[in-house]
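J.: no sequence for this one, just the structure:
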Ligand SMILES: Nc1ncnc2c1ncn2[C@@H]1O[C@H](COP(=O)(O)OP(=O)(O)OP(=O)(O)O)[C@@H](O)[C@H]1O
Ligand SMILES: [Mg+2]
């Protein structure tokens, strides 16, 4: 799949931008704060319905949006996506309808209003950013999100289960707090009240868990291959899902080899029995102690924990391998080639690894949007054929690639 047109209004530094995206993609260079990351952020938002960096989504709305005409501030991103046989139009508007109101997110697919969850995955992307180092160094939530973002793009059932699970968890936790505060417990009443929430939570949780376990199994092989191709040291990178639910090795093997329906029911039984076992603890603490919301993904290099023992360079190469592995999984499960977004990742690597990454990208057959502050990093085999633009605070200027002075032509 590929983007053919991209429109931004009042998005970060871009007050208005209409961009025809070439089939192969674009190289984007520009000084710091020129709008490179913002452009990729907008594309990522169209794919996932979330910003990869904004802690609050209202941050993406241009500071002066609406002020001239006294209208409510908003940001709009829209694109046309070309699939194998058809096109789709996606649009996201974020609006602050009045001062106190929460941010409203309106999503349209082919001109018709849709829920955000129903638009995720229409455009598929894989984003590489220097922040990916947090996959190794950050808290488990970063790694859970790494799994969730891809699984949500390739499996809409997963995304729905995830959003329901989040709501159920909140409701169950507040019930646990309420029941835990009542003393002495009436055991029967407690069980009766929790039964419904447990059952709902287990159904969704088991789906999430089964899919994550199966996905990580495939990802592990793919990441090892990609890492070997980039690093060529013979050390194997390994990814291992670490569930909070009690899951003996034999059961884990059955979950990855059985049908999805069977896998889900194996995991559901394990979750149910742990919820029972932890009942008193959960009531005392007022939180759900087991389930996919507390799990982690371990990243190993040569059998050792990469966060503790890897060099910074190895960690960077490992996360790039994890992103390339994500790409292979999207292609294998959906048959579609996602758009690759690479934000300033080359400058973090030594020349040899830069070269290997460029050649991996060149061979991926995907549309690529890649940024750098230094144009020279983009002027190399593997990428040199991509059209070039310079980002200049809120606009993009086409550059004739044959012009070594880098002088911009009109446009
Ligand atoms: N809501 C907003 N309204 C207007 N401008 C904004 C908004 N949010 C961010 N900016 C500005 O947008 C500019 C571009 O930021 P961006 O992160 O896209 O730059 P960049 O080219 O990726 O820079 P770097 O090379 O430093 O990573 C920054 O100067 C920032 O202050
Ligand atoms: Mg940037």
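T.: Cool, got the structure. Values in this document were obtained by computation on a predicted structure and should not be read as measured data. Ligands and ions are numbered 1, 2, ... in the order given.
J.: so how far is ligand 2 from residue 131?
T.: Noted for residue 131: a distance of 10 Å to ligand 2, by C-beta to the ion, to the nearest Å. Quick note: C-beta positions are derived from backbone N, CA and C, even for glycine.
J.: apologies, that question was intended for residue 280.
T.: Counting by C-beta to the ion, the separation of residue 280 from ligand 2 is 49 Å.
J.: excluding its backbone neighbours, what's nearest residue 16?
T.: Spatial nearest neighbour of residue 16, excluding adjacent residues (C-beta to C-beta, 6 or more residues apart in numbering): residue 9 at 5.5 Å.
J.: the helix or strand harbouring that neighbour vs ligand 1: in contact?
T.: If you go by DSSP states H and E, residue 9 is part of strand 2-11. No - against ligand 1, strand 2-11 shows no contacts by C-beta under 6 Å from any ligand atom, the least distance being 8.0 Å.
J.: can you list contacts of that strand?
T.: By C-beta atoms under 8 Å, 6 or more residues apart in numbering, the surrounding residues in contact with strand 2-11 are 14-21, 23, 25, 38-39, 42-43, 60-62, 65-66, 73-82, 87, 123, 339, 367.
J.: buried residues, it. List them.
T.: Neighbour counts over strand 2-11 (16 or more other C-beta atoms under 10 Å) mark 2, 3, 6, 7, 8, 9, 10, 11 as buried.
J.: same check, this time on stretch 297-313
T.: Those would be 297, 299, 300, 301, 306, 307, 310, for stretch 297-313 by 16+ other C-beta under 10 Å.
J.: from these, which land in helices?
T.: Secondary structure assignment by DSSP state H places 306, 307 of those in helices.
J.: in strands only, show me the buried residues of stretch 297-313.
T.: Using DSSP state E, the members of the buried residues of stretch 297-313 that fall in strands are 297, 299, 300, 301.
J.: who's in contact with the closest residue to the first one other than its chain neighbours?
T.: Right, the one you point to is residue 297. In space, residue 297 comes closest to residue 143 once its chain neighbours are excluded; the distance is 4.1 Å by C-beta to C-beta, 6+ apart. Shown in contact with residue 143 (C-beta under 8 Å, 6+ apart): 135, 296, 297, 299.
J.: per-residue pLDDT, the residue nearest to residue 16?
T.: Here, the pLDDT recorded for residue 9 equals 97.
J.: so in terms of bridging, what pairs with it?
T.: Beta bridges link residue 9 to residue 16, residue 76, judged by DSSP bridges.
J.: equivalent analysis for residue 88, please.
T.: Under the criterion used here (DSSP bridges), residue 88 is bridged to residue 81.
J.: now do the strands in the stretch 101-250 of the chain.
T.: Remark: strands assigned in the stretch 101-250 of the chain by DSSP state E, counting those that start in this stretch are 103-109, 112-114, 125-128, 237-242.
J.: parallel or antiparallel, list what pairs with the longest one.
T.: Read it as strand 103-109. In the sheet, strand 103-109 lines up against strand 87-96 (antiparallel), strand 112-114 (antiparallel) (DSSP bridges).
J.: any idea which of those gets closest to ligand 1?
T.: Minimum separation from ligand 1 across those (C-beta to the nearest ligand atom) falls at strand 87-96, 10.7 Å.
J.: re earlier: from the contacts of strand 2-11, which would you call buried?
T.: Members of the contacts of strand 2-11 classed as buried by 16+ other C-beta under 10 Å are 14, 17, 19, 21, 25, 38-39, 42-43, 60-62, 65, 73-82, 123, 339, 367.
J.: do stretch 32-43 and ligand 1 meet at all?
T.: Yes - using C-beta under 6 Å from any ligand atom, stretch 32-43 reaches ligand 1 at 32, 33, 34, 35, 36, 37, 38.
J.: let's see the PyMOL selection covering just the buried ones among those.
T.: Buried members of the residues of stretch 32-43 next to ligand 1, defined by 16+ other C-beta under 10 Å, are picked up in PyMOL with:
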select buried, resi 34+35+36+37+38
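J.: residue 235: which of the residues of stretch 32-43 next to ligand 1 is nearest?
T.: When the residues of stretch 32-43 next to ligand 1 are compared for distance to residue 235 (C-beta to C-beta), residue 37 wins out at 31.5 Å.
J.: what's the closest of the strands of the stretch 101-250 of the chain to residue 266?
T.: Nearest of the strands of the stretch 101-250 of the chain to residue 266, taken as C-beta to C-beta: strand 237-242 at 14.5 Å.
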